[in-house]
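Undergrad: A predicted structure for the sequence below; I have some questions about it.
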Amino acid sequence: MPRKKSRPPTRRQRADARRNRGRILEAAREAFTRCGAEASLDDIARQAGVGAGTLYRHFPSREELLKAVYQTEIEKLAAAERRFAATLPPVAALRAWLLLFVETIAAKQVIAPALNALVENPKKVFESSHAQMAEALRSLVQRAIASGDIRSDLDPSDLLRALIGVAHVATTPDWQPSARRLVDILIAGSRPVIRRDVGRGR
């Protein structure tokens with residue numbers, strides 16, 4: 001007897017699958033940030049409101065889940081750049097993106113080392129994500145320079161190094177408020193220098 005052909009998934013099933021995947025990734029990001037890369041996958045499934053089987057259908061291994069969380073966070077940064085640029089003034093858009101980057105670092109601190117140990121060739125993952133981040137920030141900085149709100153010699157990579165540096169030297173888990181304050185300091189220090197002639201009657 002010939003086997004019955006399986007029906008292709010309906011539009012609703014595909015939409016449900018996308019929602020499930022999104023909930024799993026959000027729950028995984030929170031769990032990995034809170035508990036480390038060895039957070040329970042069963043707990044992640046429960047937090048996402050799905051069964052363990054659903055989680056494993058989307059992500060057959062911890063490695064695949066870690067990689068997907070990492071890549072999703074970077075994709076959010078890239079999408080945020082376009083959204084902020086379209087809705088906020090240049091400096092406000094740059095500040096909003098840098099604050100979002102601080103949140104991403106928190107997840108990256110846990111996920112990146114685990115990826116480095118688990119993924120066969122993590123260099124490809126990191127190189128791709130770094131290029132996306134650098135391009136997003138470069139675009140925001142160039143827009144702020146063009147508006148005259150930021151000095152023209154600002155190197156976007158200096159902003160990334162400063163924020164990543166705070167995260168790496170942090171000795172307490174509440175380093176994020178310090179990093180957020182640093183964002184405002186970096187923005188203030190990136191303003192154009194106003195030269196004043198002193199003692200010349202001007």
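TA: Sure thing, it's come through.
Undergrad: Quickly list the domain ranges of this structure.
TA: Listed domain ranges for the chain are 13-60, 62-189 (source: automatic domain parsing).
Undergrad: Which of these comes out lowest on mean pLDDT?
TA: Confidence, taken as mean pLDDT, is least for domain 62-189 of the domains of the chain (a mean of 83).
Undergrad: Endpoints of stretch 83-92, how far apart?
TA: 12 Å (Cα to Cα, to the nearest Å).
Undergrad: tell me the helices in the chain, going along the chain?
TA: Along the chain, the segments classed as helices by DSSP state H run 11-35, 41-48, 52-58, 62-87, 90-118, 122-146, 156-169, 175-189.
Undergrad: List the buried residues in the fourth one.
TA: By neighbour count, and taking 16 or more other Cβ atoms under 10 Å as the criterion, the buried residues in helix 62-87 are 62, 65-74, 77, 80-81, 84-85. C-betas here are computed from N, CA, C, even on glycine.
Undergrad: Can you tell me how far A92 is from A136?
TA: Counting by Cβ to Cβ, to the nearest Å, the separation of A92 from A136 is 16 Å.
Undergrad: These two: who's more crowded?
TA: A side-by-side neighbour count of A92 and A136, using other Cβ atoms under 10 Å, places A136 first with 22 against 14.
Undergrad: The more buried one contacts E81, correct?
TA: Yes: counting by Cβ atoms under 8 Å, E81 is a contact partner of A136 at 3.7 Å.
Undergrad: what is in contact with the two at once?
TA: Residues touching both A136 and E81 (Cβ atoms under 8 Å, 6 or more residues apart in numbering) are W97.
Undergrad: I'd like to check which residues are in contact with R180.
TA: R180 is in contact with L99, V102, counting by Cβ under 8 Å, 6+ apart.
Undergrad: before we move on, what about V91?
TA: V91 neighbours (Cβ under 8 Å, 6+ apart): A144, S147, D149, I150, I187.
Undergrad: Report the buried members of these.
TA: Among those, the ones that count as buried by 16+ other Cβ under 10 Å are A144, D149, I150, I187.
Undergrad: Pipe the residues you listed into TSV and attach distance to A106 per row.
TA: Formatted as TSV, the buried ones among the contacts of V91 follow (distance: Cβ to Cβ, whole Å):
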residue	distance to A106
A144	25
D149	28
I150	26
I187	20
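Undergrad: distance of A31 from A146?
TA: 41 Å.
Undergrad: So for the two, which sits in the more crowded spot?
TA: Neighbour totals were compared for A31 and A146, and A31 leads with 22 against 11 (other Cβ under 10 Å).
Undergrad: Would you confirm that the more buried one contacts I44?
TA: Yes: the criterion here is Cβ under 8 Å, and A31 meets it with I44 at 5.0 Å.
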